[in-house]
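Asker: Mind looking at a prediction? Sequence and model below.
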Amino acid sequence: MKRFLKTAAINLGVLAVLLLVVNVASLTVVIMQKYRYVRKGGTDARIALPALVDKDRAREFFSEFYRMESRYVPFEEWRYEPFAGKAITVEESGLRRVPGSRTDGATIHFFGGSTTWGTGVWDDETIPALVGREMPTIIAVNHGQSGHVSRQELDAVLSLLNSPNPVDAIVFYDGVNDVYTLCSVASSVNGHGLEALMGAAMRRQEQRHWFIARDMFVGGILELMQLVDDKFGGGALNSSSRGSCSSDPARAQRVADTLWANWQHARRVLSERGIPFLAVLQPAAGIGHADVTYLPASQFAENANLTAVYPLLAQKIGNGESWLLDLSRAFDDAGPIFFDWAHASPKGNQIIARHMSEALSRLLHDSKPVRLATH
């Protein structure tokens, strides 16, 4: 019996050492991959696409973008960490800088995802910055954050209204993130892109002793398995990669209804304070007749979900009240604009800014808003 126990103990010890070695090796590969990811910025394949005309500026943007990190913010869930580069400047607030911002004038706050924040373009080429150029008497504030959906924007507006910051108008620029995120089987219709990750983080905290032991022996191995699956397996281990709106009309309707409801809630809250609200349905590469012949096939993975949800949103917008703007086909016949399925070139952002400026000018004129300190 003693010999058996001794042999078992030796075997368990050897197994533990082997697991530790393999785990450390796996974690090293994951860390090296992260380093390679950061270095990849300047060679992002999207730089070569015809939509991004100035390759040097695009290369500089992506080399900086791949180094950025995010932090937790209550209710909004995340914002970018402060960053100071040539192409990208994020202030201490976590908001992207709008160059040439005035110190007086009507303050217009722009909310949305990465298309509002400005993926692929420099600070002075974002939609809020270009609207500021079209409307030189306003102060444009860019609240866009990569991955944000309309519900996060609604929460962010409530936080803004609880602050002393002046608010003269609010713009939501939505569509693609709500479809991409809320059509996922891993998200609820009131969820966001990190819903599963944050849930897992809470479970780790509640069961931290178990997770410490697990991570010591197999955490790196599990991370390496996920990394390999993401790269070669199409993300099969991650259920968020599978959309449901294309095969589930009821889900598509719920996603459209949720985005519409969030717009309505924002408008109602703001109208009580006399603040104009503009809701904009943004373009996407799978909608309309924009030139997307040069995009790789991988950029059309969301087409089925987009074509399931966007017509429902367009139907709700109808002929369009003054607070609604359907720009889903704004890039038709405009030449190469998209450099992936959702993000537009500086030329595309200029087209959007021009339409937004016209709509905002009408709203501001009709409402004649008085600058409000909302706290």
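Answerer: That came through fine. Numbering: from 1, shown residues only.
Asker: Tell me where the stretch 251-375 of the chain has helices.
Answerer: Ranges of helices in the stretch 251-375 of the chain, per DSSP state H, counting those that start in this stretch, are 303-317, 346-367.
Asker: Make CSV from these and add mean pLDDT, mean neighbour count and distance to Asp168 to it.
Answerer: Backbone N, C-alpha and C define where each C-beta goes, glycine included. Output for the helices of the stretch 251-375 of the chain, formatted as CSV (pLDDT from 0 to 100; neighbours: other C-beta atoms under 10 Å; distance: least, C-beta to C-beta, whole Å):
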stretch, mean pLDDT, mean neighbour count, distance to Asp168
helix 303-317, 95, 19, 24
helix 346-367, 94, 18, 7
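Asker: closest one to Trp122 among those helices?
Answerer: Nearest to Trp122, of all the helices of the stretch 251-375 of the chain, is helix 346-367, at 8.0 Å by C-beta to C-beta.
Asker: C-alpha coordinates for the closest one, PDB please?
Answerer: Only the C-alpha atoms of helix 346-367 are listed here, as PDB (Å, rounded to 0.1, in the frame of the first residue of the first chain):
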ATOM      1  CA  PRO A 346     -12.300  60.200 -44.500                       C
ATOM      2  CA  LYS A 347     -14.300  60.800 -47.700                       C
ATOM      3  CA  GLY A 348     -17.100  58.700 -46.300                       C
ATOM      4  CA  ASN A 349     -17.100  60.500 -43.000                       C
ATOM      5  CA  GLN A 350     -17.300  63.800 -44.900                       C
ATOM      6  CA  ILE A 351     -20.400  62.700 -46.700                       C
ATOM      7  CA  ILE A 352     -22.000  61.700 -43.400                       C
ATOM      8  CA  ALA A 353     -20.900  64.900 -41.700                       C
ATOM      9  CA  ARG A 354     -22.500  67.000 -44.500                       C
ATOM     10  CA  HIS A 355     -25.900  65.200 -44.100                       C
ATOM     11  CA  MET A 356     -25.700  65.400 -40.300                       C
ATOM     12  CA  SER A 357     -24.900  69.100 -40.400                       C
ATOM     13  CA  GLU A 358     -27.900  69.900 -42.600                       C
ATOM     14  CA  ALA A 359     -30.200  67.900 -40.200                       C
ATOM     15  CA  LEU A 360     -28.700  69.500 -37.100                       C
ATOM     16  CA  SER A 361     -29.000  73.000 -38.500                       C
ATOM     17  CA  ARG A 362     -32.700  72.400 -39.100                       C
ATOM     18  CA  LEU A 363     -33.100  71.000 -35.600                       C
ATOM     19  CA  LEU A 364     -31.200  73.800 -33.900                       C
ATOM     20  CA  HIS A 365     -33.100  76.400 -35.800                       C
ATOM     21  CA  ASP A 366     -36.500  74.900 -35.100                       C
ATOM     22  CA  SER A 367     -35.900  74.400 -31.400                       C
END
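Asker: Counting neighbours, what do you get for Pro74?
Answerer: Neighbour count for Pro74, taken as other C-beta atoms under 10 Å: 7.
Asker: what's near enough to touch it?
Answerer: Ser159 (C-beta atoms under 8 Å, 6 or more residues apart in numbering).
Asker: and what of Thr107?
Answerer: If a contact means C-beta under 8 Å, 6+ apart, then Thr107 has Ile138, Ile139, Val141, Asn165, Pro166, Val167, Asp168, Ala169, Arg371 as its contacts.
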